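Enquirer: when you get a sec, could you give me coordinates for this:
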Amino acid sequence: MIADAHAALLVAVMALVTMLLRGLPFLIFRKGRRTPAYISYLGQVLPQAIIGMLVIYCLRDTDLTAAPFGLPELLAAAAVVLLQVWRRNSLVSILSGTAIYIILIRLPIL
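Expert: Now for the predicted structure:
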């Protein structure tokens with residue numbers, strides 16, 4: 001019973017902290033208060049920086065010296081880029097790239 005109460009308390013604290021972190025910007029930058037220039041700048045540059053970091057993180061363990069020489073990763077990444085340029089739909093691009101990658105790593109010829 002103590003473990004259940006402890007787990008419930010942990011979940012409640014995490015939920016409260018999450019709600020506070022999500023709502024804090026709205027409390028700080030209420031209507032009538034001007035958003036500082038550096039916050040606007042971060043809102044413009046962080047999405048691209050985060051995507052770049054995710055790409056590097058995903059490709060960091062790609063072995064280019066052994067078969068299949070990173071071919072599944074390269075083809076899946078190319079598919080994501082092409083689909084994003086063509087369809088402008090992140091969900092379709094990411095899901096398609098993931099599916100292509102999974103199929104390619106399961107093929108016996110690669």
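Enquirer: going by C-alpha atoms from here, please, whenever you check contacts or count neighbours.
Expert: Noted.
Enquirer: mind listing residues that contact whichever strand or helix holds Ile39?
Expert: Element membership for Ile39 (DSSP states H and E) is helix 37-59. When contacts are defined by C-alpha atoms under 8 Å, 6 or more residues apart in numbering, helix 37-59 is touched by residues Glu73.
Enquirer: which SSE is immediately downstream of that helix?
Expert: Later in the chain than helix 37-59, the nearest helix or strand by DSSP H and E is helix 71-87.
Enquirer: looking at that next one now, give me its mean pLDDT.
Expert: For helix 71-87, the mean pLDDT works out to 96.
Enquirer: and Phe69, how many neighbours?
Expert: By the measure other C-alpha atoms under 10 Å, the count of residues near Phe69 is 13.
Enquirer: that one contacts Asp63, doesn't it?
Expert: Yes - using C-alpha atoms under 8 Å, Phe69 is in contact with Asp63, at 6.1 Å.
Enquirer: mind giving me the domain ranges of the chain?
Expert: Domain segmentation of the chain under automatic domain parsing yields 1-34, 38-110.
Enquirer: and those domains, which is most packed in?
Expert: domain 38-110 (a mean of 13; mean count of other C-alpha atoms under 10 Å).
Enquirer: tell me the angle of the helix holding Ile39 relative to helix 71-87?
Expert: 140 degrees (axes from the mean of the first three to the mean of the last three C-alpha atoms, to 10 degrees).
Enquirer: ok now helix 37-59, how far from the chain's centre?
Expert: 10 Å (C-alpha atoms, centre = their mean, to the nearest Å).
Enquirer: distance from the longest helix along the chain to the middle of the chain?
Expert: In the chain, taking DSSP state H as the definition, the longest helix is helix 2-28. Remark: helix 2-28 is offset 23 Å from the chain centroid, using C-alpha atoms, centre = their mean.
Enquirer: mean confidence score for it?
Expert: On average, helix 2-28 scores 93.
Enquirer: how long is stretch 63-82 end to end?
Expert: Stretch 63-82 has an end-to-end distance of 23 Å (criterion: C-alpha to C-alpha, to the nearest Å).
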